[in-house]
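K.L.:
this is the structure alone, sequence omitted:
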């Protein structure tokens with residue numbers, strides 16, 4: 001990779017897609033998606049994926065690259081998205097990374113290597129999680145690698161299993177493989193922030209628009225094929241529960257709103273830990289000019 005990569009990051013519903021498009025237009029750029037669920041073909045309404053028309057002719061990469069049956073992995077995303085960055089740079093254009101999936105952003109931008117996997121080891125840990133519960137395997141992780149346990153939290157079964165798998169395979173703490181604040185290639189990160197009360201209102205409006213646009217019908221059509229990863233996405237998990245008779249449609253809609261707000265809090269916590277991010281007021285009328293100033297300043301720092 002070469003050239004300064006521009007990344008627009010932050011929580012859901014802060015306007016990242018709009019700013020990313022505006023920056024790509026102003027900088028002769030192309031967008032690289034860093035939203036884990038926008039990788040999936042057909043998951044459009046529930047992920048607020050821009051339509052082709054809304055992309056205004058700007059090339060977008062890492063959208064619709066997986067079928068919903070497939071499990072996404074950060075390692076696979078890293079390889080594919082870094083290839084996109086390299087290709088964009090070779091053609092003399094600017095890469096604008098846009099997304100709120102924190103680990104995907106870090107895997108793309110930072111020095112981060114992924115330890116190997118062993119299906120048998122992973123299956124054994126997954127069986128323990130199913131038999132004894134997530135709390136039991138989390139307690140094991142907390143004992144063996146408290147740093148990783150604190151960063152992952154007690155509810156993310158998939159990441160807990162992965163952390164224990166790495167510990168088993170390498171004999172080293174999983175935390176040793178977590179991202180560090182060292183860019184793999186020059187980058188500038190622009191974070192968008194919105195007051196909490198405004199963001200909560202935006203989320204309510206966003207969920208209402210998704211329902212009006214046909215989220216239930218979208219999930220109904222995808223349901224027979226949804227794999228383990230895709231089925232966990234906020235918006236899809238709750239509607240699936242409704243389709244299986246575990247919640248009314250009204251309850252599912254309320255759950256989507258509640259869980260989106262929880263997701264936003266987790267995203268805020270994740271990105272706030274990264275001291276390199278330049279935070280911008282997403283509601284400021286001069287947002288684009290401020291973002292371009294940050295890019296220009298980063299470019300100057302790179303100049304010989």
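P.N.:
On my side now, so go ahead. If you're wondering where the values come from, they're calculated on a predicted model, not measured in any experiment.
K.L.:
name the SS class of the closest residue to residue 206 other than its chain neighbours, please.
P.N.:
Distance criterion CB to CB, 6 or more residues apart in numbering; nearest residue to residue 206, sequence neighbours excluded, is residue 13 at 5.5 Å. Any C-beta I mention is one placed from the backbone N, CA and C, and that applies to glycine too. With DSSP: H, G, I helix; E, B strand; the rest coil as the basis, the three-state label of residue 13 is coil.
K.L.:
show me the contacts for residue 13.
P.N.:
194, 199, 202-203, 206, 260, 264 (CB atoms under 8 Å, 6 or more residues apart in numbering).
K.L.:
give me that answer again for 7 Å
P.N.:
Listed by CB atoms under 7 Å, 6 or more residues apart in numbering, the contact partners of residue 13 are 199, 202-203, 206, 264.
K.L.:
for it, give its distance to residue 201.
P.N.:
In this view, residue 13 and residue 201 are 9 Å apart by CB to CB, to the nearest Å.
K.L.:
and for residue 149?
P.N.:
On the measure of CB to CB, residue 149 and residue 201 end up 35 Å apart.
K.L.:
those two - which one has more neighbours?
P.N.:
It is residue 149, of residue 149 and residue 201, that has more neighbours when counted by other CB atoms under 10 Å, with 20 against 13.
K.L.:
which ones are touching that one?
P.N.:
So residue 149 contacts 138, 141-142 (CB under 7 Å, 6+ apart).
K.L.:
and if we set it to 10 Å?
P.N.:
138-143, 160, 163, 174-175 (CB atoms under 10 Å, 6 or more residues apart in numbering).
K.L.:
could you report the neighbour count for residue 153?
P.N.:
Neighbour count of residue 153, defined by other CB under 10 Å: 12.
K.L.:
go on, residue 31?
P.N.:
27.
K.L.:
so it, which of the three states?
P.N.:
strand.
K.L.:
what bridges to it?
P.N.:
residue 60, residue 96 (DSSP bridges).
K.L.:
quick revisit: tell me the two of the contacts of residue 149 that are most distant?
P.N.:
139 and 175 (16.5 Å; CB to CB).
K.L.:
highest neighbour count among the contacts of residue 13?
P.N.:
residue 264 (23 neighbours).
K.L.:
that residue and residue 203 touch, don't they?
P.N.:
Yes: assessed by CB atoms under 10 Å, residue 264 is found in contact with residue 203 at 6.8 Å.
K.L.:
pLDDT of stretch 244-252, averaged?
P.N.:
Average pLDDT, stretch 244-252: 98.
K.L.:
contact partners of that stretch?
P.N.:
Taking CB under 10 Å, 6+ apart as the rule, stretch 244-252 contacts 211, 215-216, 219, 223, 235, 237-243, 253-255.
K.L.:
can you spell out which helices and strands pack onto the longest strand seen in the chain?
P.N.:
For the chain, the strand with the greatest residue count under DSSP state E is strand 187-193. Strand 187-193 sits against strand 5-9, helix 16-26, strand 94-98, helix 102-109, helix 249-272, strand 278-281, helix 287-302, with contacts defined as 3 or more CB pairs under 10 Å, 6 or more residues apart in numbering; DSSP states H and E.
K.L.:
buried ones in the helix or strand that that strand is followed by, by neighbour count?
P.N.:
Following strand 187-193 in sequence order, the next helix or strand is helix 196-213 (DSSP states H and E). Residues of helix 196-213 classed as buried under the neighbour-count rule (16 or more other CB atoms under 10 Å) are 199-200, 202-203, 206-207, 210-211.
K.L.:
just the angle for the following helix or strand past helix 196-213 relative to helix 249-272, thanks.
P.N.:
Per DSSP H and E, helix 196-213 leads on to helix 215-222 as the next helix or strand towards the C-terminus. Counting by axes from the mean of the first three to the mean of the last three CA atoms, to 10 degrees, helix 215-222 points 90 degrees away from the direction of helix 249-272.
K.L.:
perfect, that will be all.
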